[in-house]
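[1] here is a sequence with its predicted model. Questions after.
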Amino acid sequence: MIYTVTFNPSLDYIVTVKEFCMGMVNRTERELIYPGGKGINVSLVLKNLGVESTALGFIAGFTGVEIERSLKELGCLTDFIKTKDGMSRINIKLRSKEETEINGRGPEISKEELSLLYKKLDKLNNDDILVLAGSIPASMPASSYEDIMKYLEKKEVKIVVDATKDLLVNVLKYHPFLIKPNNHELEEIFHEEVKTKEDVKRMAKQLQELGAINVLVSMAGDGAVLLSEDGIFYESLAPKGTVMNSVGAGDSMVAGFLTGYLKENDYKKAFYMGIATGSASAFSEKLATKDEVVSLLKQLS
(Lines give C-alpha, C1' and ligand atoms only; values in the text may rest on other atoms or scores of the structure.)
Protein backbone atom coordinates (compact mmCIF):
# COMPACT_ATOMS: atom_id res chain seq x y z
CA MET A 1 0.00 0.00 0.00
CA ILE A 2 1.07 3.55 -0.69
CA TYR A 3 0.46 6.13 2.03
CA THR A 4 0.72 9.86 1.39
CA VAL A 5 1.17 12.44 4.13
CA THR A 6 -0.11 15.99 3.74
CA PHE A 7 0.40 17.93 6.95
CA ASN A 8 -1.58 20.94 5.75
CA PRO A 9 -4.27 19.96 3.19
CA SER A 10 -6.32 22.61 1.48
CA LEU A 11 -9.27 23.41 -0.66
CA ASP A 12 -7.81 24.93 -3.80
CA TYR A 13 -10.09 27.63 -5.19
CA ILE A 14 -9.01 28.31 -8.76
CA VAL A 15 -10.45 31.40 -10.40
CA THR A 16 -9.90 32.80 -13.87
CA VAL A 17 -10.14 36.57 -14.34
CA LYS A 18 -9.58 37.94 -17.86
CA GLU A 19 -7.68 41.04 -16.76
CA PHE A 20 -7.12 41.23 -13.02
CA CYS A 21 -6.93 44.80 -11.68
CA MET A 22 -5.64 45.62 -8.22
CA GLY A 23 -7.99 47.74 -6.10
CA MET A 24 -10.98 47.04 -8.33
CA VAL A 25 -13.94 44.65 -8.27
CA ASN A 26 -12.96 41.71 -10.49
CA ARG A 27 -15.44 39.13 -11.74
CA THR A 28 -14.44 35.58 -12.50
CA GLU A 29 -14.88 33.89 -15.85
CA ARG A 30 -14.34 30.37 -14.51
CA GLU A 31 -14.11 28.73 -11.10
CA LEU A 32 -12.88 25.35 -9.87
CA ILE A 33 -12.54 24.01 -6.34
CA TYR A 34 -10.97 20.74 -5.31
CA PRO A 35 -8.89 19.21 -2.50
CA GLY A 36 -5.23 20.16 -2.61
CA GLY A 37 -1.87 19.65 -1.01
CA LYS A 38 1.12 17.81 -2.46
CA GLY A 39 0.44 14.43 -0.85
CA ILE A 40 -3.25 14.65 -1.72
CA ASN A 41 -2.34 15.40 -5.34
CA VAL A 42 -0.21 12.25 -5.40
CA SER A 43 -3.12 10.19 -4.04
CA LEU A 44 -5.56 11.66 -6.56
CA VAL A 45 -3.31 10.93 -9.54
CA LEU A 46 -2.52 7.43 -8.27
CA LYS A 47 -6.26 6.79 -8.15
CA ASN A 48 -6.64 8.09 -11.70
CA LEU A 49 -3.92 5.64 -12.78
CA GLY A 50 -5.58 2.70 -11.03
CA VAL A 51 -3.31 2.49 -7.97
CA GLU A 52 -4.76 2.55 -4.45
CA SER A 53 -3.28 4.73 -1.74
CA THR A 54 -4.34 6.09 1.64
CA ALA A 55 -4.15 9.83 2.31
CA LEU A 56 -2.91 10.71 5.81
CA GLY A 57 -2.63 14.13 7.40
CA PHE A 58 -4.55 16.66 9.45
CA ILE A 59 -7.89 18.31 8.74
CA ALA A 60 -10.01 20.79 10.71
CA GLY A 61 -13.31 22.64 10.55
CA PHE A 62 -15.87 22.71 7.75
CA THR A 63 -13.14 22.94 5.11
CA GLY A 64 -11.56 19.78 6.49
CA VAL A 65 -14.91 18.00 6.23
CA GLU A 66 -15.17 19.05 2.58
CA ILE A 67 -11.61 17.91 1.83
CA GLU A 68 -12.36 14.45 3.16
CA ARG A 69 -15.81 14.26 1.54
CA SER A 70 -14.53 15.25 -1.89
CA LEU A 71 -11.59 12.84 -1.74
CA LYS A 72 -13.91 9.96 -0.87
CA GLU A 73 -16.24 11.01 -3.68
CA LEU A 74 -13.28 10.79 -6.05
CA GLY A 75 -12.55 7.28 -4.82
CA CYS A 76 -9.55 7.94 -2.56
CA LEU A 77 -8.99 6.19 0.75
CA THR A 78 -8.43 8.58 3.68
CA ASP A 79 -7.34 8.25 7.29
CA PHE A 80 -7.05 11.85 8.46
CA ILE A 81 -6.60 13.15 11.98
CA LYS A 82 -9.18 15.79 12.90
CA THR A 83 -7.65 18.64 14.89
CA LYS A 84 -9.64 20.31 17.64
CA ASP A 85 -9.09 23.92 16.66
CA GLY A 86 -8.96 26.02 13.51
CA MET A 87 -9.90 25.12 9.96
CA SER A 88 -8.13 23.60 7.01
CA ARG A 89 -6.88 26.27 4.66
CA ILE A 90 -8.33 27.61 1.44
CA ASN A 91 -5.70 28.39 -1.19
CA ILE A 92 -6.63 30.85 -3.92
CA LYS A 93 -5.08 30.29 -7.33
CA LEU A 94 -5.74 33.35 -9.48
CA ARG A 95 -5.30 32.89 -13.23
CA SER A 96 -5.06 36.05 -15.29
CA LYS A 97 -2.21 37.49 -17.35
CA GLU A 98 -0.03 36.06 -14.57
CA GLU A 99 -0.69 33.26 -12.07
CA THR A 100 -0.98 34.46 -8.47
CA GLU A 101 -1.41 32.31 -5.38
CA ILE A 102 -2.65 33.19 -1.91
CA ASN A 103 -2.16 30.26 0.45
CA GLY A 104 -3.92 29.98 3.79
CA ARG A 105 -2.18 29.22 7.06
CA GLY A 106 -4.13 26.18 8.25
CA PRO A 107 -4.84 24.87 11.77
CA GLU A 108 -2.46 24.56 14.69
CA ILE A 109 -1.34 20.96 15.23
CA SER A 110 -0.71 19.97 18.84
CA LYS A 111 1.85 17.47 20.13
CA GLU A 112 -0.99 15.13 21.05
CA GLU A 113 -2.41 15.29 17.54
CA LEU A 114 1.02 14.73 16.02
CA SER A 115 1.44 11.63 18.20
CA LEU A 116 -1.72 10.22 16.62
CA LEU A 117 0.03 10.31 13.24
CA TYR A 118 2.83 8.15 14.60
CA LYS A 119 0.27 5.60 15.78
CA LYS A 120 -0.99 5.38 12.21
CA LEU A 121 2.58 5.03 10.94
CA ASP A 122 3.02 2.06 13.29
CA LYS A 123 0.62 0.15 11.03
CA LEU A 124 2.90 0.41 8.00
CA ASN A 125 4.35 -2.89 6.84
CA ASN A 126 7.58 -3.77 5.11
CA ASP A 127 7.39 -2.95 1.39
CA ASP A 128 4.77 -0.23 1.94
CA ILE A 129 5.55 3.14 0.36
CA LEU A 130 5.26 6.42 2.27
CA VAL A 131 5.18 9.75 0.41
CA LEU A 132 6.18 12.83 2.42
CA ALA A 133 5.42 15.91 0.37
CA GLY A 134 5.19 19.63 0.89
CA SER A 135 6.00 22.13 3.60
CA ILE A 136 5.73 21.68 7.36
CA PRO A 137 3.29 23.96 9.25
CA ALA A 138 4.81 26.42 11.70
CA SER A 139 3.08 24.66 14.61
CA MET A 140 5.05 21.46 13.95
CA PRO A 141 8.76 20.76 14.52
CA ALA A 142 10.87 21.71 11.51
CA SER A 143 12.50 18.29 11.84
CA SER A 144 9.21 16.41 11.33
CA TYR A 145 10.31 14.65 8.13
CA GLU A 146 13.57 13.59 9.75
CA ASP A 147 11.72 12.44 12.86
CA ILE A 148 9.32 10.30 10.84
CA MET A 149 12.09 8.70 8.80
CA LYS A 150 14.13 7.96 11.91
CA TYR A 151 11.02 6.47 13.55
CA LEU A 152 10.51 4.13 10.59
CA GLU A 153 14.20 3.37 10.09
CA LYS A 154 13.93 -0.26 11.26
CA LYS A 155 11.06 -0.99 8.88
CA GLU A 156 11.66 -1.69 5.20
CA VAL A 157 9.34 1.10 4.13
CA LYS A 158 10.22 2.88 0.89
CA ILE A 159 10.00 6.60 1.60
CA VAL A 160 9.56 9.26 -1.07
CA VAL A 161 10.38 12.86 -0.16
CA ASP A 162 9.29 15.84 -2.24
CA ALA A 163 10.38 18.89 -0.28
CA THR A 164 12.67 21.88 -0.59
CA LYS A 165 16.00 23.11 0.79
CA ASP A 166 16.92 21.84 4.26
CA LEU A 167 13.75 19.74 4.54
CA LEU A 168 15.14 17.62 1.72
CA VAL A 169 18.85 17.72 2.49
CA ASN A 170 18.38 16.82 6.15
CA VAL A 171 16.59 13.53 5.37
CA LEU A 172 19.20 12.18 2.95
CA LYS A 173 21.06 10.40 5.76
CA TYR A 174 18.00 8.15 6.16
CA HIS A 175 18.28 7.02 2.52
CA PRO A 176 14.92 7.94 0.99
CA PHE A 177 13.88 5.65 -1.87
CA LEU A 178 13.14 8.63 -4.10
CA ILE A 179 13.58 12.39 -3.96
CA LYS A 180 12.19 14.76 -6.60
CA PRO A 181 13.74 18.21 -6.62
CA ASN A 182 13.27 20.49 -9.61
CA ASN A 183 16.07 22.46 -11.25
CA HIS A 184 15.27 25.62 -9.27
CA GLU A 185 15.41 23.68 -6.00
CA LEU A 186 18.80 22.30 -7.00
CA GLU A 187 19.99 25.89 -7.36
CA GLU A 188 18.73 26.68 -3.86
CA ILE A 189 20.42 23.61 -2.39
CA PHE A 190 23.80 24.06 -4.08
CA HIS A 191 23.79 27.87 -4.31
CA GLU A 192 24.72 27.86 -7.98
CA GLU A 193 22.93 28.31 -11.27
CA VAL A 194 21.83 25.26 -13.24
CA LYS A 195 22.79 25.95 -16.85
CA THR A 196 22.91 22.53 -18.49
CA LYS A 197 21.74 18.96 -17.99
CA GLU A 198 25.31 18.12 -17.07
CA ASP A 199 24.91 20.46 -14.09
CA VAL A 200 21.72 18.61 -13.17
CA LYS A 201 23.46 15.24 -13.41
CA ARG A 202 26.38 16.40 -11.28
CA MET A 203 24.07 17.74 -8.56
CA ALA A 204 21.89 14.62 -8.68
CA LYS A 205 25.03 12.52 -8.18
CA GLN A 206 25.97 14.61 -5.14
CA LEU A 207 22.51 14.10 -3.64
CA GLN A 208 22.82 10.38 -4.21
CA GLU A 209 26.23 10.36 -2.54
CA LEU A 210 24.60 12.06 0.46
CA GLY A 211 22.14 9.18 0.79
CA ALA A 212 19.27 9.36 -1.70
CA ILE A 213 18.64 6.06 -3.49
CA ASN A 214 16.96 7.47 -6.61
CA VAL A 215 17.03 11.13 -7.68
CA LEU A 216 14.38 12.40 -10.10
CA VAL A 217 14.83 16.00 -11.24
CA SER A 218 12.01 17.79 -13.04
CA MET A 219 12.83 20.68 -15.36
CA ALA A 220 9.42 21.81 -16.66
CA GLY A 221 9.51 22.13 -20.45
CA ASP A 222 13.08 20.84 -20.56
CA GLY A 223 11.95 17.42 -19.38
CA ALA A 224 13.56 15.48 -16.57
CA VAL A 225 16.58 13.46 -15.46
CA LEU A 226 16.61 10.32 -13.32
CA LEU A 227 19.66 8.95 -11.54
CA SER A 228 18.70 5.42 -10.49
CA GLU A 229 20.12 3.46 -7.60
CA ASP A 230 22.35 1.46 -9.96
CA GLY A 231 24.06 4.65 -11.13
CA ILE A 232 22.35 4.87 -14.53
CA PHE A 233 21.16 8.24 -15.83
CA TYR A 234 17.93 8.48 -17.81
CA GLU A 235 16.93 11.73 -19.47
CA SER A 236 14.14 12.94 -21.72
CA LEU A 237 12.58 16.09 -23.06
CA ALA A 238 8.99 16.78 -22.07
CA PRO A 239 6.27 15.72 -24.53
CA LYS A 240 4.72 18.44 -26.65
CA GLY A 241 1.66 20.26 -25.40
CA THR A 242 0.24 23.55 -24.15
CA VAL A 243 0.77 24.24 -20.45
CA MET A 244 -2.54 25.15 -18.83
CA ASN A 245 -1.81 24.54 -15.15
CA SER A 246 1.51 24.15 -13.38
CA VAL A 247 -0.07 23.26 -10.01
CA GLY A 248 0.34 19.58 -9.21
CA ALA A 249 2.61 18.68 -12.13
CA GLY A 250 5.51 17.69 -9.88
CA ASP A 251 3.24 15.67 -7.60
CA SER A 252 1.82 13.96 -10.67
CA MET A 253 5.33 13.04 -11.77
CA VAL A 254 5.88 11.31 -8.43
CA ALA A 255 2.59 9.42 -8.79
CA GLY A 256 3.43 8.39 -12.33
CA PHE A 257 6.91 7.22 -11.37
CA LEU A 258 5.54 5.10 -8.51
CA THR A 259 2.86 3.63 -10.77
CA GLY A 260 5.41 2.66 -13.39
CA TYR A 261 7.79 1.25 -10.81
CA LEU A 262 5.15 -0.87 -9.08
CA LYS A 263 3.73 -2.24 -12.34
CA GLU A 264 6.97 -2.81 -14.23
CA ASN A 265 9.75 -2.88 -11.61
CA ASP A 266 11.79 -1.04 -14.22
CA TYR A 267 13.33 2.38 -13.60
CA LYS A 268 13.35 3.41 -17.25
CA LYS A 269 9.64 2.69 -17.67
CA ALA A 270 8.91 4.35 -14.32
CA PHE A 271 10.85 7.43 -15.48
CA TYR A 272 8.86 7.78 -18.70
CA MET A 273 5.61 7.17 -16.84
CA GLY A 274 6.58 9.97 -14.45
CA ILE A 275 7.31 12.44 -17.25
CA ALA A 276 4.09 11.60 -19.10
CA THR A 277 1.99 11.95 -15.96
CA GLY A 278 3.55 15.24 -14.88
CA SER A 279 3.08 16.65 -18.36
CA ALA A 280 -0.51 15.40 -18.57
CA SER A 281 -1.37 17.41 -15.46
CA ALA A 282 0.44 20.47 -16.79
CA PHE A 283 -1.53 20.24 -20.05
CA SER A 284 -4.90 19.97 -18.27
CA GLU A 285 -6.99 22.16 -15.98
CA LYS A 286 -7.19 19.26 -13.55
CA LEU A 287 -4.86 16.44 -12.57
CA ALA A 288 -3.77 13.81 -15.08
CA THR A 289 -6.12 11.04 -16.17
CA LYS A 290 -5.01 7.62 -17.34
CA ASP A 291 -6.05 8.25 -20.96
CA GLU A 292 -4.09 11.50 -21.07
CA VAL A 293 -1.00 9.77 -19.70
CA VAL A 294 -1.23 6.86 -22.15
CA SER A 295 -1.51 9.34 -25.05
CA LEU A 296 1.61 11.25 -23.98
CA LEU A 297 3.58 8.06 -23.39
CA LYS A 298 3.40 7.41 -27.12
CA GLN A 299 5.52 10.54 -27.67
CA LEU A 300 8.20 9.22 -25.34
CA SER A 301 8.47 5.63 -26.57
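    Yep, that arrived.
[2] residue 219 versus residue 196, what's the distance?
    11 Å (C-beta to C-beta, to the nearest Å). C-beta: built from backbone N, CA, C; applies to glycine.
[3] looking at those two, which is more packed in?
    When residue 196 and residue 219 are compared for neighbours, residue 219 comes out ahead with 18 against 8, by other C-beta atoms under 10 Å.
[4] for the more buried one, which non-adjacent residue is spatially closest?
    Counting by C-beta to C-beta, 6 or more residues apart in numbering, residue 183 is the residue found nearest to residue 219 once chain neighbours are left out, at 4.6 Å.
[5] for the one you found, grab the count of nearby residues.
    By the measure other C-beta under 10 Å, the count of residues near residue 183 is 20.
[6] try residue 224
    Neighbours of residue 224 under the rule other C-beta under 10 Å: 27.
[7] one more: the one 3 residues further on?
    As a burial measure, residue 227 scores 24 neighbours (other C-beta under 10 Å).
[8] equivalent analysis for the one 5 residues further on, please.
    The burial metric for residue 232, expressed as a neighbour count using other C-beta under 10 Å, is 10.
[9] contacting residues for the closest residue to it other than its chain neighbours?
    Excluding the flanking residues, the one nearest residue 232 by C-beta to C-beta, 6+ apart is residue 267, at 7.3 Å. Residue 267 is in contact with 214, 226, 228-230, 232, 234, 261, counting by C-beta atoms under 8 Å, 6 or more residues apart in numbering.
[10] likewise for residue 85?
    Shown in contact with residue 85 (C-beta under 8 Å, 6+ apart): 60, 107-108.
[11] equivalent analysis for residue 33, please.
    11-14.
[12] how about a cut-off of 7 Å?
    Contact analysis of residue 33 by C-beta atoms under 7 Å, 6 or more residues apart in numbering lists 11-13.
[13] same check, this time on residue 277
    Neighbouring residues of residue 277 by C-beta under 7 Å, 6+ apart: 45, 252-253, 255-256, 288, 293.
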